[in-house]
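Participant: just need the structure, nothing else, for what follows:
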Amino acid sequence: MDDNVQGYKCLCCGSPLLWSAEEQIWKCTSCDNKYNLETLQAAQQSEAAAAESADNIDWKDYQVSDMIQEMVSYTCPSCGGEILVDGTVAASRCPYCDNVAIMQPQVTGMIKPDYVIPFKLTKEDAKAALRKFYEGKKLLPDRFSEENHMDEITGIYVPFWLFDCEAEADLTFDATTISRWRDSAYDNTKIDHYLLQRGGTLRFEKVPVDGSKRMDDAFMDAIEPYDYSEMVPFNQAYLSGFVANKPDVDVKESLPRANERVINSTVSAFMQTVGGYASVTPKSRSVQAKEGLIKYAMLPVWLLTTRYNNEVYTFAMNGQTGKLVGTLPVDEGKYKRQMYKIAGIVAGIAILLTMLIGGWIL
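Facilitator: Down below sits the predicted model:
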């Protein structure tokens, strides 16, 4: 057995343990025994004490940007099959026996996460959400939902950097009011312009930026928010049963996206304090974010992929809340018929208005 691969085993029968999103507990795949985190930790500590030697990793010495990403071969602890992964994979599924194994060097060879949000929703929940996502899509090809392979669904713990900071803001807005009146000769309109100033300090906590180049940033933003009240201290036992990637986008690379999100949220928050005007347009701004605390968390995502007409369509679902986003194909025939229908309705309305204005209809 390859000592570099770690899988969690049932303390009774030795079969693999998998995380149950439904029951929020670890279950044996054979005898259905259930274990909480405290029991697994106690067993792990006992094994560590009995070992001849143990790793003593100083996490502060590891920098993500300095890591070399390369393909690595591991031996499955259950069947002995070869598992080939690249340098960003921390957990993977054996292609021979379907056992999920944690790649110990990949976990200990990366920055240790501070937090994790365990999966709350199952693969069946993801399938149901995708079916619901199809509903009401009138331009969706009829064969698409029939032909796609909904079993191609992977539960992934995606690495996220969480930024805390204070933003000091000084903003100006151009606001207008409009008044209208009629006199004996004209219809009058008056537009008054006002220069508004706003300033203050906002506190941001856990602004998320995904740290994986594999994941579409737009998708990861769209499936937010996560409920951080359910975030727990990281333990790699939560990876059991799922795929997990270590970050290949470091903190420095993530700062521009974090700053952009803080600035946009600051402008939006101050705009909400301006009311009673016909229009409000940002004119100038100065937002200074003070350096704050940065944490690293692994957040649950169901990734769904399907192929249709030689095109791959990807969907992402929040593994905690169930929010799902993705792209769908369009049936060209249905689209054209819909456009013809809309054009016919518009033309009909135009003819009716012309007849009314011309006095043809009394």
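Participant: going forward, measure contacts and count neighbours with C-alpha atoms only.
Facilitator: OK.
Participant: output the lowest mean pLDDT helix or strand found in the protein.
Facilitator: Counting by mean pLDDT, DSSP states H and E, the chain has its least confident helix or strand at strand 5-6, which shows a mean of 51.
Participant: other SSEs contacting the helix or strand following it?
Facilitator: Later in the chain than strand 5-6, the nearest helix or strand by DSSP states H and E is strand 17-20. Where contact means 3 or more CA pairs under 8 Å, 6 or more residues apart in numbering; DSSP states H and E, strand 17-20 is packed against strand 25-28.
Participant: same for the strand it packs on, what does it pack against?
Facilitator: Packing partners of strand 25-28 (3+ CA pairs under 8 Å, 6+ apart): strand 17-20, strand 34-35.
Participant: parallel or antiparallel, list what pairs with the longest one.
Facilitator: Here strand 17-20 is paired, per DSSP bridges, with strand 25-28 (antiparallel).
Participant: turn the helices and strands packed on strand 25-28 into CSV, columns for mean neighbour count, mean pLDDT and distance to Gly319.
Facilitator: Below are those laid out as CSV (neighbours: other CA atoms under 10 Å; pLDDT from 0 to 100; distance: least, CA to CA, whole Å):
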stretch, mean neighbour count, mean pLDDT, distance to Gly319
strand 17-20, 24, 85, 12
strand 34-35, 18, 83, 21
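Participant: for those strands, which one sits closest to Lys132?
Facilitator: Smallest distance to Lys132 across the helices and strands packed on strand 25-28 (CA to CA): 23.2 Å, for strand 17-20.
Participant: ok, and what's touching that closest one?
Facilitator: Strand 17-20 is contacted from outside by 7-10, 25-29, 122, 238-241, using CA atoms under 8 Å, 6 or more residues apart in numbering.
Participant: would you turn those into TSV with neighbour count?
Facilitator: Below are the contacts of strand 17-20 laid out as TSV (neighbours: other CA atoms under 10 Å):
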residue	neighbour count
Gly7	23
Tyr8	22
Lys9	17
Cys10	22
Ile25	16
Trp26	25
Lys27	21
Cys28	22
Thr29	17
Thr122	17
Tyr238	22
Leu239	28
Ser240	24
Gly241	25
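Participant: and which of those residues is nearest to Tyr157?
Facilitator: Nearest member of the contacts of strand 17-20 to Tyr157, counting by CA to CA, is Leu239, at 7.5 Å.
Participant: over to the closest one: give its phi and psi.
Facilitator: With angles defined as degrees, to the nearest 10, Leu239 sits at phi -70, psi -20.
Participant: would you map the strands across the stretch 101-250 of the chain?
Facilitator: With DSSP state E, counting those that start in this stretch, the ranges of strands along the stretch 101-250 of the chain come out as 115-116, 153-182, 187-210, 232-233, 243-245.
Participant: what's the pLDDT at Ser73?
Facilitator: Ser73 carries a pLDDT value of 58.
Participant: what's the pLDDT at Leu139?
Facilitator: 56.
Participant: likewise Leu303?
Facilitator: Taking Leu303 on its own, its pLDDT is 89.
Participant: and it, what does it touch?
Facilitator: Ile153, Thr154, Gly155, Ile156, Thr314, Phe315, Ala316, Met317.
Participant: what about Asn245, neighbour count?
Facilitator: Here the count is done by other CA atoms under 10 Å, and Asn245 has 22 residues near it.
Participant: I meant Arg307, not that one.
Facilitator: 13.
Participant: so the helix or strand hosting it versus strand 153-182, what angle?
Facilitator: Using DSSP H and E, the element containing Arg307 is strand 294-308. Strand 294-308 and strand 153-182 meet at an angle of 100 degrees, taking axes from the mean of the first three to the mean of the last three CA atoms, to 10 degrees as the criterion.
Participant: sheet-wise, list the partners of strand 294-308 with their directions.
Facilitator: In the sheet, strand 294-308 lines up with strand 115-116 (parallel), strand 153-182 (antiparallel), strand 311-318 (antiparallel) (DSSP bridges).
Participant: quick check: which of those is buried the most?
Facilitator: strand 115-116 (a mean of 22; mean count of other CA atoms under 10 Å).
Participant: avg pLDDT for that one?
Facilitator: On average, the pLDDT along strand 115-116 is 94.
Participant: swap in stretch 317-325?
Facilitator: Mean predicted lDDT for stretch 317-325 stands at 95.
Participant: residues making contact with that stretch?
Facilitator: 117-122, 125-126, 129-130, 133, 155, 219, 222-224, 226-227, 299-303, 315-316.
Participant: at 7 Å what do you get?
Facilitator: With CA atoms under 7 Å, 6 or more residues apart in numbering as the test, stretch 317-325 has contacts from Phe119, Lys120, Leu121, Phe219, Ala222, Ile223, Pro300, Val301, Trp302, Leu303, Phe315, Ala316.
Participant: just stretch 308-316 next, same as before
Facilitator: Contacts to stretch 308-316, defined as CA under 7 Å, 6+ apart, come from residues 144, 148, 219, 301-307, 324-328.
Participant: ok so, going back, indicate which one of the helices and strands packed on strand 25-28 is closest to Phe160.
Facilitator: Per CA to CA, nearest to Phe160 of the helices and strands packed on strand 25-28: strand 17-20, 20.8 Å.
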